[in-house]
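K.L.:
turn this into a model:
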Amino acid sequence: MKEITAIIRRDKLPATKKALADLGYPSLTIQSVEGRGKQRGAMCAEMDTEMPDSFCSAVKLHPTPSSYALEHTLTKVALYVPKRMLTVVVPDDVVSRLVKEIVKVNKTGKRGDGRIFVSTIESALRLRTGETGGEAII
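P.N.:
Numbers count the residues shown, from 1 in each chain. Modelled structure (predicted):
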């Protein structure tokens, strides 16, 4: 069993849920999270994909508190980007197919598209029925 954790843009959540359901994996956990990656708190990375590129160009003239602090000798101010984190546990043989589908739905080619992590799950137990292993995740 593997756990797929995907941190994605908020506006990509409905399409991602639909894609996973269409592949036969509608069961997942969703959390609202905040974080930052390579954009280092840049404001353009915080915007959803529907924001026009011209807006991001204008923002570069007026740095965010984080970018100002990085360029000067100030204590760094962290701006965190709101995202959605999806977690799904699946059998080993479907991991690559699900990861490819998540990438297909979420890749815009712009900063802030997110991350996917795949981890090994040693065991699973369904509390209601006592099922274990692969039976507990289906």
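
K.L.:
switch to C-alpha atoms for all contacts and neighbour counts from now on
P.N.:
Noted.

K.L.:
now the element after the longest helix along the chain, going C-ward?
P.N.:
Secondary structure of the chain read by DSSP state H shows that its longest helix is helix 95-106. Note on helix 95-106: by DSSP states H and E, the next helix or strand toward the C-terminus is strand 114-120.

K.L.:
what sits up against that following strand?
P.N.:
When contacts are defined by CA atoms under 8 Å, 6 or more residues apart in numbering, strand 114-120 is touched by residues Met1, Lys2, Glu3, Ile4, Thr5, Ala6, Ile7, Ile8, Arg9, Val99.

K.L.:
can we see that at 6 Å?
P.N.:
Here strand 114-120 makes contact (CA atoms under 6 Å, 6 or more residues apart in numbering) with Lys2, Glu3, Ile4, Thr5, Ala6, Ile7, Ile8.

K.L.:
contacting residues for the fifth one?
P.N.:
Spelled out, that is Ala6. By CA under 6 Å, 6+ apart, the neighbours of Ala6 are Met85, Leu86, Arg115, Ile116.

K.L.:
confidence score at it?
P.N.:
Looking at Ala6, its pLDDT reads 98.

K.L.:
partner residues bridging it?
P.N.:
Ala6 forms beta bridges with Leu86, Ile116, as assigned by DSSP bridges.

K.L.:
can you tell me how far it is from Lys104?
P.N.:
Plainly put, Ala6 is 13 Å away from Lys104 if you go by CA to CA, to the nearest Å.

K.L.:
what does the first one give?
P.N.:
When CA to CA is the yardstick, Lys2 and Lys104 sit 20 Å from each other.

K.L.:
those two: who's more crowded?
P.N.:
It is Lys2, of Lys2 and Lys104, that has more neighbours when counted by other CA atoms under 10 Å, with 19 against 12.

K.L.:
can you tell me the closest non-neighbouring residue to that one?
P.N.:
Closest residue in space to Lys2, ignoring its immediate chain neighbours: Thr120 at 4.6 Å, by CA to CA, 6 or more residues apart in numbering.
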